[in-house]
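Trainee: Pasting a predicted model and its sequence here:
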Protein chains: 2
Amino acid sequence: MEEKNKSDKSTPINAERRKFLNTAAFVGLAGAGLSVGLSSCKKTEEAAKPVSAAGNAPATTMASEFGKYEVPPGKLDDYYMFSSGGHSGDVRIYGLPSGRTLKQIPVFNMDCMVGWGITNESKAIIGTKPDGSVKYNTGDTHHVHGSYVDGTYDGKYMWTNDKIHGRIARIRMDTMECDKITELPNIQGFHGIFTDKRDPVDQSINHTTRVFCGSEFHIPHPNDGRDLNDPSKYGCLFTCVDSETMEVRWQCKVDGNMDLTATSYDGKLACSNQYNTENGVHYEDMMAAERDACVFFNIARIEAAVKAGKTYTIGDSKVPVVDGTSAANQDPKTSLTCYVPVPKNPHGVNISPDGKYYACSGKLSPTATLIEHSLVLKWFDGELKTARDAVVAEPEIGLGPLHTGFDGRGNAYTTLFLDSQIVKWNLDAAIKSFKGDKSAKPVVDRIDVTYQPGHGFTSMGETKEADGKFFISDNKFSKDRFLPVGPLHPESAQLIDISGDKMKLVADHTTYSEPHDAIVVRRDRVKTRQVYNLDDFPLATKDAKDCRVERKGNKVTVHLTSQAPTIGLREFTVKRGDEVTIILTNLDKVEDLTHGFAVPKYNINFIVNPQETKSVTFKADKPGVYWCYCSHFCHALHLEMRSRMLVEA
Amino acid sequence: MEEKNKSDKSTPINAERRKFLNTAAFVGLAGAGLSVGLSSCKKTEEAAKPVSAAGNAPATTMASEFGKYEVPPGKLDDYYMFSSGGHSGDVRIYGLPSGRTLKQIPVFNMDCMVGWGITNESKAIIGTKPDGSVKYNTGDTHHVHGSYVDGTYDGKYMWTNDKIHGRIARIRMDTMECDKITELPNIQGFHGIFTDKRDPVDQSINHTTRVFCGSEFHIPHPNDGRDLNDPSKYGCLFTCVDSETMEVRWQCKVDGNMDLTATSYDGKLACSNQYNTENGVHYEDMMAAERDACVFFNIARIEAAVKAGKTYTIGDSKVPVVDGTSAANQDPKTSLTCYVPVPKNPHGVNISPDGKYYACSGKLSPTATLIEHSLVLKWFDGELKTARDAVVAEPEIGLGPLHTGFDGRGNAYTTLFLDSQIVKWNLDAAIKSFKGDKSAKPVVDRIDVTYQPGHGFTSMGETKEADGKFFISDNKFSKDRFLPVGPLHPESAQLIDISGDKMKLVADHTTYSEPHDAIVVRRDRVKTRQVYNLDDFPLATKDAKDCRVERKGNKVTVHLTSQAPTIGLREFTVKRGDEVTIILTNLDKVEDLTHGFAVPKYNINFIVNPQETKSVTFKADKPGVYWCYCSHFCHALHLEMRSRMLVEA
């Protein structure tokens, strides 16, 4: 076993490997000649070694036990992994442990395979400009989180965010399709997202009713050209969205930039780790302070303030905004927010499955900060001297700590971006050590990953049912680990078995760029529909005999069915200049019998799944014969499954 | 081993399994009440069993030898698989045997991850409307084929086709990016594509210089509204594209619809299997004749005719067209084309690695037709009585034969769509049997696949270096084989070891819908670049100090660099109404250090790989502060890597 799996935390990290790693991680720090460094970092010297072109690290091999993690033909995976696609704008479904890609769910991106961004139904979800074209077809999905009941997934919905345009999207988990997108007002850089798990006041509502959204970039309020270059007037908002209506309930103004979001199991608190509490607009200003914060939101108090009308609005938005800045919240007993100081530019905050602790990573500090939930509540009750007193541990775990997963057995697993490692540390030992117990050793194990991990997460780790079986390391660089495919490399998602005392790297899975986060869900938590219900579609043509062309002036509606291997009308005629709407119903009832519908030269293609109905509208601006064909292989006579659109000149 | 692996071809196919399979394959034939059947089909009765809802077939397991086909962490795959994405519009790169997705190359689709369809450079390749927007952002890639030297891949280019809009795209194999797209004139349903391998006249040119394109749908010539409903005036063209310039050299009019394309190793012939030689426009007419054809093109003669000016043009197109219809080519000695009759609606034609035979599958006939290359040449010399005499074998192999791969050891492997099997048959035995040798048994082995295979292909099987190691079965239905993800199922690509006497199913890989075809290329045939050359980009900003804003009237050009963790300008100011062009150069030189550039609310996102330059142009129509951010994780301070675009009202 050549892969280094260090159990002795005092062992210095292999210097040669570090040099290789640093070509990516440190190139800016070293190369840009900037005087920024790592706070409290004992390893700065080694880290700042000069940059050299990346060589090819020797491939490592493991000799043991892979068969155990394989999923042979005919066997099903144990877990679903729902993963954000990053600036691909989609959400992916992978099977674990196989790493098989089961689906790419288009959300903010255009997907010409399913017709997302092309059909009238998908355009209505994405939103259109006055001319009917799609408003945005780029997006940047950073996190995916599911709806909860009793502290675990109920398999009903997932939500994901778009960082570019500040939108939140909901995905139905029965069909695995996006059904709603909401653009949040007056924010930019929507980064963190998390569902609530319980109502803060009515504890009998033990399921998700809200989704919380952190925004990263501070901007003028409103952002209409005023205060362009006066950052003192910029602001950041934390947003609460109703999980059912997808409407924005309220927003809360905060100091600093928000990054990730976490929520408590009792529903009382949501929080976000913060960098740039300096409110800088330049790079070095964002790193000036030695400490930033993790900001906690007292949901019950905020909603009481909203109810009491202690709110204002920004620009055209009607969403009530409360003031959660420090300046406006000096008394803990009435404060809407609690800013817990944590070291320098933290990245990531995650709650432990027992609901007791939040782990907030250091990024530019080699530490993780453990904050106790009950102590934050105490602070809000005025029973804690300072917010910093809610910190119960701050173990030194390694360079560039970003995200933490939990195993449900009292251990945390944190990605170390700069060290390219996963570090396993024990919560109780960290707390003891923080209290001064020198015999307590928080770090339990380390494992090298390849290379530069961003997010990391455990199976069921964001629920009370964390099962401690797998950890996934989503690595930002794959470099030499896969066959070369040109300048753009795949990302790597490494599968680590965490069921034993020592972590074991068991598979290197590739992913298309660039997943940021994921949840790993036990398969029994997910119940899907394989066939649609015809009655769910008011536009459905329920019998092939009802296929027809209807004309009102120059608006023509073509009602079609598809049933392998025929399209309901063999041909249909329209006139040049007509506005044509094609409504297509798939009458096939057999699972997996999807049809497609492509219109040459008209830039139209979409699929209809069994018993589904979809429509497209376009202007018939090109005369001639256009063979509309089934674009999704369906039948032995798939190629013969066509209809002619005749456009008269 | 529960998976059935039948060696005795006379064994009836498991009736229960057939019933399950047929719910998809036969639903139309049985359900639509049409009087169409399978020609010469001994199994029609069984096949036409009534449709029932698909149940869940029991998962099968294999107990043996999977470890051998796994690629453990740190090990590289042996093969690249370049696969068409179907109506996803892209081309995918998978590693084999692992099945890892290494890249998705955007081609005809929009890809907001890399900025394909967004950047000025990609828009110029795709083509734009007069208003500057992309002309088409849908596509349907059916086949991928590489450039050849000495009968094998030279690793320089790949080509893929778009069936929806009739386009051919070229992909550079050093960067794995599309560099050119050409729209073919006067065709519809561009289905088959294949590169030539040698010049037909100058045999010293032993590499690819042409790409041949078959078109499937017959349309009026020109298709401008004339002859709308007079199919007798419709026509189909076979197109030759120059592999370097990507310009259309010539087109050849044929009878019938063309499907797949194949080319000979000596460069003398290209061919296409044909269905609907009836020139029907309705489903049942397309299946009226008992025999269709495989049409062969005599390239030297066609090019001589073009040179001699024996051509015409269609509509606005300047491309010379020759007449290759039967009516115009009655004398074999001068004929441009040779129509070899093959049974009913064949699907697929492939040439054997020794260059001797073309295997043309039956689809609606349970046979494969073997055509001898030298005999077709003889026909063109007037030395063969009829074109049908070029057929040297027609073994009965099973129901719904579609595509054939070869192992280089004299065996062919054909996908059987209706039987959901791969059948291995021996060429020599098939030829002997056709000659009347009753002791010759063409079918050697069968293996069940799950379910309904479309394309199938072997490792290096389209070259003289066919190595007989793996066969991939791209199946159109996965049904119960993977965790359910709603109505749209993943496709399955099953990996079969063909190195021994018996085929062995060794892995079920998933693919996002809907790959049609692929080539499996030995990894040493591919040499990629990992970092771009700055000098290849005339617009490059070569030093961060040269970052600047240039204004000419209301046209503003912003010259930017990215170098982790900074963007060359911390802020830049434009005015509302300006036409802004951002040109971004990635100055980082480290492999895998890609940056992204996202502009909130402006629908802009694209990546720049190391040493690459790209640009976008947009109208600054929204005043305010817009934090342009790096959207591709690059560095510990990735989140801080931003620039402010200030748009003055």
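Mentor: Yep, that arrived. Numbering: from 1, shown residues only, chains lettered A, B, ... in the order given.

Trainee: just checking, residue A:476 touches residue B:633?
Mentor: Yes: Residue A:476 is in contact with residue B:633 according to CB atoms under 8 Å; the separation is 4.4 Å. C-betas here are computed from N, CA, C, even on glycine.

Trainee: Could you pull up phi and psi at the residue nearest to the spatial centre of chain A?
Mentor: Most central in chain A under CA atoms, centre = their mean is residue A:143, positioned 1.4 Å from the mean C-alpha point. The phi and psi values for residue A:143, taken as degrees, to the nearest 10, are phi -140, psi 150.

Trainee: And for residue A:286?
Mentor: phi -70, psi -20.

Trainee: Quick one: end-to-end distance for stretch A:330-342.
Mentor: 19 Å (CA to CA, to the nearest Å).

Trainee: what's the model's confidence in it, averaged?
Mentor: For stretch A:330-342, mean pLDDT rounds to 98.

Trainee: and what of stretch A:84-95?
Mentor: 97.

Trainee: Just the buried residues of stretch A:220-228, please?
Mentor: For stretch A:220-228, burial by neighbour count (16 or more other CB atoms under 10 Å in any protein chain shown) applies to A:220-225, A:227-228.

Trainee: circling back: which residues are in contact with each of residue A:476 and residue B:633?
Mentor: Contact criterion CB atoms under 8 Å, 6 or more residues apart in numbering or on different chains; residues shared by residue A:476 and residue B:633: A:454, A:514.

Trainee: neighbour-wise, which of these two wins?
Mentor: Legend: neighbour count by other CB atoms under 10 Å in any protein chain shown for residue A:476 and residue B:633, higher for residue A:476 (30 against 27).

Trainee: Next one: that one, what pLDDT does it get?
Mentor: 95.

Trainee: and which of the buried residues of stretch A:220-228 is nearest to residue A:440?
Mentor: Closest approach to residue A:440 among the buried residues of stretch A:220-228 (CB to CB): residue A:221, at 46.6 Å.

Trainee: got the contact list for that closest one?
Mentor: Taking CB under 8 Å, 6+ apart, one finds A:186, A:233-235, A:314-315 in contact with residue A:221.

Trainee: Which strand runs longest in chain A?
Mentor: strand A:152-162 (DSSP state E).

Trainee: buried residues in that strand?
Mentor: So, applying 16+ other CB under 10 Å, buried residues of strand A:152-162: A:152-153, A:155-162.

Trainee: Please work out the residue of the stretch 201-350 of chain A nearest to chain B and name it.
Mentor: residue A:225 (3.0 Å; CB to the nearest CB).

Trainee: In a helix, that residue, correct?
Mentor: No: using DSSP: H, G, I helix; E, B strand; the rest coil, the assignment for residue A:225 is coil, not a helix.

Trainee: filter the contacts of residue A:221 to the buried ones?
Mentor: A:186, A:234-235, A:314.

Trainee: In strands, which of those fall?
Mentor: Per DSSP E, the buried ones among the contacts of residue A:221 map to strands at A:234-235.

Trainee: Of the buried ones among the contacts of residue A:221, which ones also sit close to chain B?
Mentor: residue A:234 (CB under 8 Å from any CB of the partner chain).

Trainee: ok, the nearest residue to residue A:299 once chain neighbours are set aside to chain B distance?
Mentor: With sequence-adjacent residues excluded and distances taken as CB to CB, 6 or more residues apart in numbering or on different chains, residue A:299 is closest to residue A:200, at 4.4 Å. According to CB to the nearest CB, to the nearest Å, residue A:200 stands 30 Å off from chain B.

Trainee: what's the burial count for residue A:200?
Mentor: Neighbours of residue A:200 under the rule other CB under 10 Å: 21.

Trainee: list the contacts for it?
Mentor: A:266-268, A:299-300, A:303.

Trainee: Dump those residues to TSV, plus neighbour count.
Mentor: Below are the contacts of residue A:200 laid out as TSV (neighbours: other CB atoms under 10 Å in any protein chain shown):
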residue	neighbour count
A:266	18
A:267	24
A:268	23
A:299	24
A:300	16
A:303	19
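
Trainee: Spatially, which two of the residues you listed are the most separated?
Mentor: Checking those with CB to CB, the most distant pair is A:266 and A:303, at 15.1 Å.

Trainee: okay, and for chain A, where does confidence drop off?
Mentor: A:1-66 (pLDDT under 70).

Trainee: what does the domain assignment say about it?
Mentor: Domain assignment of chain A by automatic domain parsing yields the ranges A:15-47, A:184-396, A:534-648.

Trainee: Out of the ones you listed, which is closest to residue B:72?
Mentor: domain A:15-47 (19.0 Å).

Trainee: Does stretch A:105-116 reach chain B?
Mentor: Yes: using CB under 8 Å from any CB, we find that stretch A:105-116 touches chain B at A:108-114.

Trainee: which of these sit farthest apart?
Mentor: Once CB to CB is applied, the residues of stretch A:105-116 next to chain B give A:108 and A:113 as the farthest pair, at 15.7 Å.

Trainee: Could you give the number of residues near the nearest residue to residue A:334 once chain neighbours are set aside?
Mentor: Of all residues not flanking residue A:334 in the chain, residue A:301 sits nearest, at 7.5 Å (CB to CB, 6+ apart). When neighbours are counted by other CB under 10 Å, residue A:301 registers 20.

Trainee: Now do the phi/psi pair for residue A:301.
Mentor: Dihedral angles (degrees, to the nearest 10) for residue A:301: phi -70, psi -40.

Trainee: show me what contacts it?
Mentor: Residue A:301 makes contacts with A:334-336, A:380, as judged by CB under 8 Å, 6+ apart.

Trainee: Quick check: nearest residue in space to residue A:176, chain neighbours excluded?
Mentor: Nearest non-adjacent residue to residue A:176 (CB to CB, 6+ apart): residue B:486, at 3.8 Å.

Trainee: One more: residue A:137?
Mentor: residue A:110 (4.5 Å).

Trainee: How about residue A:363?
Mentor: Spatially, and ignoring its direct neighbours in sequence, residue A:363 is nearest to residue A:347 (4.0 Å; CB to CB, 6+ apart).

Trainee: What helix or strand is the one you found located in?
Mentor: Using DSSP states H and E, residue A:347 sits within no helix or strand.

Trainee: List the contacts of residue A:626.
Mentor: Residue A:626 touches A:599-602, A:644-647, B:188, counting by CB under 8 Å, 6+ apart.
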